[in-house]
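for reference, the sequence and a predicted model appear below.
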2 protein chains.
Amino acid sequence: MLTRIDHIGIACFDLDRTVEFYRATYGFEVYHSEVNEEQGVREAMLRINATDDGGASYLQLLEPTREDSAVGKWLAKNGEGVHHIAFGTADVDGDAEAIRGKGVRVLYDEPRTGSMGSRITFLHPKDCHGVLTELVTSAPASADHSSAEH
Amino acid sequence: MLTRIDHIGIACFDLDRTVEFYRATYGFEVYHSEVNEEQGVREAMLRINATDDGGASYLQLLEPTREDSAVGKWLAKNGEGVHHIAFGTADVDGDAEAIRGKGVRVLYDEPRTGSMGSRITFLHPKDCHGVLTELVTSAPASADHSSAEH
């Protein structure tokens, strides 16, 4: 069951400049950053609020690390903007299978690794009224983020 | 201060079909629906989770009521997809003025009426790395939604 908006994924050409825009304009700070080589992105997570399922909602800023990554190709076609939305669930495997059973194309056979050690999959935007949709199960709270939210 | 992701605005050609997709696929139910003649949209709010500022996060599904509305023109150009994102604040007037003072174009001179009696304004997407960004101050809790979340 999907219990929160986990994040909004925003594609940008220059991660550092975009992070600085969100900090200077709204006061949002970087909660976590990483490079995901499989997805071909360098990313920053800005934590916006906590949610009543025990999780949180983030902005995920994404800069491609290579032009032939999914985000790189999307940026070349569309320019900067909202790339995908993500819903949080305690059971990405079960929810992905249930949704596949309703005729919506799930892009991965098995969930892969997403931000902060999460497990993720994506639904085909053409089956979701034009919205690339991600399902996320967060990793168990880690020592570096559970004790102090920085 | 912006304290939550208030909603993700999604433009669609057929509101009833899109509502049914979100219900059948994810189990999301319509929390509120209305027509906003000023914005030229018919809309449905799907409440996804509560937030730790006392608000909530929604999906806002938008169907234009006329082709020359902002959403109608956007749909004709882009097709269905994420139209804007919205942050919640207790003080849309003050935040809009502060952000205008940083050189970001605010689209309205004064906030206008948004979903569920909220007060809203928008920031120019070209000043926000391609993201049409809304600021929202919710109306005080109303009798029809505060007692029972339907």
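Received the coordinates, thanks. Residues are numbered from 1 along each chain as shown, chains lettered A, B, ... in the order given.

and for the spatially closest residue to A:Gly40 that is not a sequence neighbour, the neighbour number?
Counting by C-beta to C-beta, 6 or more residues apart in numbering or on different chains, A:Ser69 is the residue found nearest to A:Gly40 once chain neighbours are left out, at 2.6 Å. The way it works is simple: take the backbone N, C-alpha and C, and place the C-beta from them, glycine included. Using other C-beta atoms under 10 Å in any protein chain shown, A:Ser69 is surrounded by 18 other residues.

equivalent analysis for A:Asp14, please.
Neighbours of A:Asp14 under the rule other C-beta under 10 Å: 13.

got the residues of chain A near chain B?
Residues of chain A found near chain B (C-beta under 8 Å from any C-beta of the partner chain) are A:1-5, A:8, A:10, A:12, A:18, A:21, A:24-28, A:48-53, A:57, A:59, A:79-82, A:85, A:87, A:99, A:102, A:104, A:125, A:128-131.

inside strands: which ones of those residues?
Those of these mapping onto strands are A:2-5, A:8, A:10, A:48-50, A:57, A:59, A:81-82, A:85, A:87, per DSSP state E.

which stretches of chain A have low pLDDT?
In the predicted model, chain A carries pLDDT under 70 at residues A:142-150.

helices or strands next to the longest helix seen in it in the packing?
Ranked by number of residues, the top helix in chain A under DSSP state H is helix A:15-26. Applying 3 or more C-beta pairs under 8 Å, 6 or more residues apart in numbering or on different chains; DSSP states H and E, we find helix A:15-26 packed against strand A:41-50, strand A:56-64.

give the contact list for the residue nearest to A:Gly40.
A:Gln39, A:Gly40, A:Val41 (C-beta atoms under 8 Å, 6 or more residues apart in numbering or on different chains).

for those residues, which one is nearest A:Asp91?
A:Gln39 (21.8 Å; C-beta to C-beta).

could you give me the buried positions within stretch A:63-81?
By 16 or more other C-beta atoms under 10 Å in any protein chain shown, the buried positions in stretch A:63-81 come out as A:Glu63, A:Pro64, A:Thr65, A:Ser69, A:Ala70, A:Val71, A:Gly72, A:Trp74, A:Leu75, A:Glu80, A:Gly81.

out of the residues you listed, flag the one nearest to B:Ser115.
When these are compared against B:Ser115 (criterion: C-beta to C-beta), the nearest one is A:Gly81, at 22.0 Å.

nearest residue to that closest one other than its sequence neighbours?
That would be B:Gly130: by C-beta to C-beta, 6+ apart, it lies 3.8 Å from A:Gly81.

the one you found against A:Gly79, yeah?
Yes. Applying C-beta atoms under 8 Å, one finds B:Gly130 in contact with A:Gly79, separated by 5.6 Å.

mind giving me the PyMOL select for the residues of chain A next to chain B, buried ones only?
Per 16+ other C-beta under 10 Å, the buried members of these correspond to this PyMOL selection:
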select buried, chain A and resi 2+3+4+5+8+10+12+18+21+25+26+28+48+49+50+51+53+57+59+80+81+82+85+87+99+104+125+128+129+130+131
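
in which helix or strand would I find A:Val136?
Using DSSP states H and E, A:Val136 maps to strand A:133-137.

quick one, that strand and strand A:2-11 angle?
For strand A:133-137 against strand A:2-11, the angle by axes from the mean of the first three to the mean of the last three C-alpha atoms, to 10 degrees is 120 degrees.

so what strands line up beside strand A:133-137?
Note on strand A:133-137: by DSSP bridges, its sheet partners are strand A:81-89 (parallel), strand A:119-123 (antiparallel).

just the CA trace of the shortest one, in PDB.
Once side chains and other backbone atoms are set aside, the C-alpha atoms of strand A:119-123 remain, and they are given as PDB (Å, rounded to 0.1, in the frame of the first residue of the first chain):
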ATOM      1  CA  ARG A 119      14.600  -0.400  -3.100                       C
ATOM      2  CA  ILE A 120      12.800   1.100  -6.100                       C
ATOM      3  CA  THR A 121      11.000   0.300  -9.300                       C
ATOM      4  CA  PHE A 122       9.300   2.400 -11.900                       C
ATOM      5  CA  LEU A 123       6.000   2.300 -13.700                       C
END
